[in-house]
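> Next comes the sequence, and after it the predicted model I'd like to discuss.
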Amino acid sequence: MRARRYLVGIPVGALLLTAVWAGTGHGARRLDRLELGELPLEPQPGEERSGGDTTVTDTGRNAFGRSPMNMDRARWPDFHHGKRVFDRDWSDADLAPVPVGPLFSAPSCVTCHVKDGRGQPPASPDEVPVSLVFQLSGAEGQRAHPLYGAQLDSRSVDGARAEGWGSVAYDEVRGEFADGEAYSLAKPRYEFKDLSRGPLGGSARFSPRVAPANFGLGLLEAIPEQALLALADPEDANQDGISGRPNYVEDDVDRRPKLGRFGWKANQPTLQQQVAHALFSDMGLTTELLRDGTAEPEVQPKDLEVLMFYTRLLAAPKRRDWDAPQVQRGKAVFRAIGCAGCHVSGPFETGEVPGFPELSRQRIFPYTDLLLHDMGEALADDRPDGLASGREWRTPPLWGIGLVQVVNGHTRYLHDGRARNLEEAVLWHGGEAAPAQERYVRLPREDRAALLAFLKSL
């Protein structure tokens, strides 16, 4: 019996997915193959420069920590001053004007964001997490936990007792591609230990989150709000199964709701607020924005100013092999199976950013819409955050994702680092992304490899 073939698909421009049945009878398996027709596999002009004129050419260990290529040399001193604040160990009395804590998760920004890159979960269940934190809330989900606050602090200064820590173990979840090749996923299992104030309680909610990469944040903040809202489709009016929606959250300065852009659930509207909350939650340090009743901020205004300067200007790295035939085919696969419905390449055009000509009017390719999407039960943390439900997550930018191993020495992805490589990250997708995940599973090996090659080029 010959394999049957017919169109299944989703035309995307000149692209079609076709189904090929491998085998016969009840044992036949459906494979989806990308039919390119006459579509030329050519690079999009400028796509290798992910951050426009800011893009750095360094693709080595320091690729995530560089200043923009279009920055005037006269601004280097402030950038390097900000880097010193970022690296400062606030638990060292010789380096920091005030001590960290008394309870904290990390003594410095660089502790979690090593080389301005991604964090990872601990290597064993006996290891106290370093760049993985646990955000907490009570039964209702939005308010802080009544005993432990908004985040579990696993470290403390001398004389104080840490609140406790979260142990991470994994169960193997096995699956199979349509062509018969097996795969395995690591499902995390959490246990809280050494809790100093009693049990969390059965109704408590928690959300494990690894530290994301820091580069390109100023460019994301500079994307005009209307460009992002134009991508929202909360009622799925176009019936493509993707219903991205904005998260509106309180601005601590203006005291009104604004579009969330930063954090795993888009729960911070501005980069300054994201940094100030990280200093407060992760290190117990107050700023002008978050004083916690103290008379003077512990992070001095000048230090916060240069830290923001540094964080805002960290540049995205240039892509590698973007014009290779396999990578271009992988980009076509990425579009055809539906990944680009949330991971929008753009290009976006940034607006005018006062005081930052480097970030103004740049044509960028971040591969995100910065909107919330339902990612399914398997990735849910059941903890609401602003307007985000326990199943919703902000689409993370993909630029630079192929350099994580080079910069950080690991390949752990997703909000809690459960994915051990890029393919596992794809396979964990559910909810609105379930159709794309299912199409990926049905692809033949060569098209799966092409998509991964494309991701590694970003």
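Structure received. Residues are numbered from 1 along each chain as shown.
> residue ranges for the strands of the stretch 201-350 of the chain, please.
For the stretch 201-350 of the chain, applying DSSP state E, counting those that start in this stretch gives strands covering 205-210, 248-250, 257-259, 348-349.
> For the second one, name the packing helices and strands.
Helices and strands in packing contact with strand 248-250 are listed as strand 257-259; criterion 3 or more C-beta pairs under 8 Å, 6 or more residues apart in numbering; DSSP states H and E. Glycine gets a C-beta too; all of them are placed from N, C-alpha and C.
> now do the third one
When contacts are defined as 3+ C-beta pairs under 8 Å, 6+ apart, strand 257-259 sits against helix 225-229, strand 248-250.
> picking that back up, could you say which of the strands of the stretch 201-350 of the chain is packed most deeply?
Comparing those by mean neighbour count (mean count of other C-beta atoms under 10 Å), strand 205-210 ranks first with a mean of 21.
> Give me the neighbour count for D303.
20 (other C-beta atoms under 10 Å).
> correct me, but it touches R84?
No: in this structure, D303 is not within contact of R84 by C-beta atoms under 8 Å, at 9.2 Å.
> phi, psi of the nearest residue to G330 once chain neighbours are set aside?
For G330, ignoring the flanking residues on the chain, the nearest one in space by C-beta to C-beta, 6 or more residues apart in numbering is F454 at 2.9 Å. Note on F454: its backbone torsions stand at phi -60, psi -50 [degrees, to the nearest 10].
> Could you pull out the helices in the stretch 51-200 of the chain for me?
With helices called from DSSP state H, counting those that start in this stretch, the stretch 51-200 of the chain shows them at 76-87, 109-112.
> What lies in contact with the shortest one?
To tie it back to what came earlier, the one meant is helix 109-112. Contact with helix 109-112 is made by 85-88, 105-106, 116, 119, 130-131, 133, 211, 278, 282, 307, as judged by C-beta atoms under 8 Å, 6 or more residues apart in numbering.
> next one: stretch 216-226
Contacts for stretch 216-226 (C-beta under 8 Å, 6+ apart): 50-52, 54, 259, 261-262, 270-271, 274, 311-316, 348-351, 353, 356, 358-360, 362, 364, 366, 368, 370, 397, 399-400.
> Show me just the buried residues among those residues.
50-52, 54, 259, 261-262, 270-271, 274, 311-316, 348, 350-351, 353, 356, 358-360, 362, 364, 366, 368, 370, 397, 399-400 (16 or more other C-beta atoms under 10 Å).
> Could you tell me how many residues sit around D158?
Per other C-beta under 10 Å, the neighbour tally for D158 reads 8.
> Would you mind finding the most buried of the helices of the stretch 51-200 of the chain?
A comparison of those by mean neighbour count, using mean count of other C-beta under 10 Å, puts helix 109-112 on top with a mean of 22.
> quick check, distance from that helix to the centre of its chain.
16 Å (C-alpha atoms, centre = their mean, to the nearest Å).
> can I get the CA coordinates of that helix in CSV?
What follows is helix 109-112, C-alpha atoms only, in CSV (Å, rounded to 0.1, in the frame of the first residue of the first chain):
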residue,chain,number,x,y,z
CYS,A,109,22.6,41.5,40.3
VAL,A,110,25.3,39.4,38.6
THR,A,111,24.8,36.5,41.0
CYS,A,112,21.6,35.6,39.1
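> Who are the contact partners of the most centrally placed residue in the chain?
Nearest to the geometric centre of the chain sits P396, at 3.8 Å (C-alpha atoms, centre = their mean). Taking C-beta under 8 Å, 6+ apart, we find P396 in contact with P212, W264, T368, H415.
> From F79, how far off is it?
Computed as C-beta to C-beta, to the nearest Å, the P396 to F79 distance reads 25 Å.
> Poorly predicted segments of the stretch 201-350 of the chain, please.
Along the stretch 201-350 of the chain, the model assigns pLDDT under 70 to residues 293-294.
> can you give me the helices in it?
Taking DSSP H, counting those that start in this stretch, the helices of the stretch 201-350 of the chain run over residues 217-221, 225-229, 271-283, 301-313, 325-336.
> nearest to D58, of those?
Closest approach to D58 among these is made by helix 301-313 (14.8 Å; C-beta to C-beta).
> Show the model's pLDDT score for D381.
Here the pLDDT value assigned to D381 is 95.
> tell me which element it is part of?
D381 belongs to no helix or strand when assigned by DSSP states H and E.
> I'd guessed the residue nearest to G330 sits against K331; true?
Yes: F454 is within contact range of K331, at 4.9 Å (criterion: C-beta under 8 Å).
> Just say helix, strand or coil for the residue nearest to the centre of the chain.
On the three-state scheme (DSSP: H, G, I helix; E, B strand; the rest coil), P396 is labelled coil.
> And it, how far from F192?
Counting by C-beta to C-beta - P396 and F192 are separated by 26 Å.
> Repeat that for R361.
The value you get for R361 to F192, if C-beta to C-beta is used, is 48 Å.
> Tell me which of the two has more neighbours.
More crowded of R361 and F192, by other C-beta under 10 Å: F192, with 18 against 13.
> Could you dump the helices and strands packed on strand 257-259 into a markdown table with distance to A419 added?
Shown next, in a markdown table, are these (distance: least, C-beta to C-beta, whole Å):
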| stretch | distance to A419 |
| --- | --- |
| helix 225-229 | 26 |
| strand 248-250 | 27 |
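> For G430, which of the ones you listed is the nearest?
Closest among these, using C-beta to C-beta: helix 225-229, at 23.4 Å.
> Put the alpha carbons of the closest one into PDB.
Once non-C-alpha atoms are left out, helix 225-229 reads as follows in PDB (Å, rounded to 0.1, in the frame of the first residue of the first chain):
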ATOM      1  CA  GLU A 225       2.500  50.700  22.600                       C
ATOM      2  CA  GLN A 226       0.200  50.800  19.600                       C
ATOM      3  CA  ALA A 227       2.500  48.400  17.700                       C
ATOM      4  CA  LEU A 228       2.100  45.800  20.500                       C
ATOM      5  CA  LEU A 229      -1.600  46.400  21.000                       C
END
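> mind checking how far it is from the chain centre?
19 Å.
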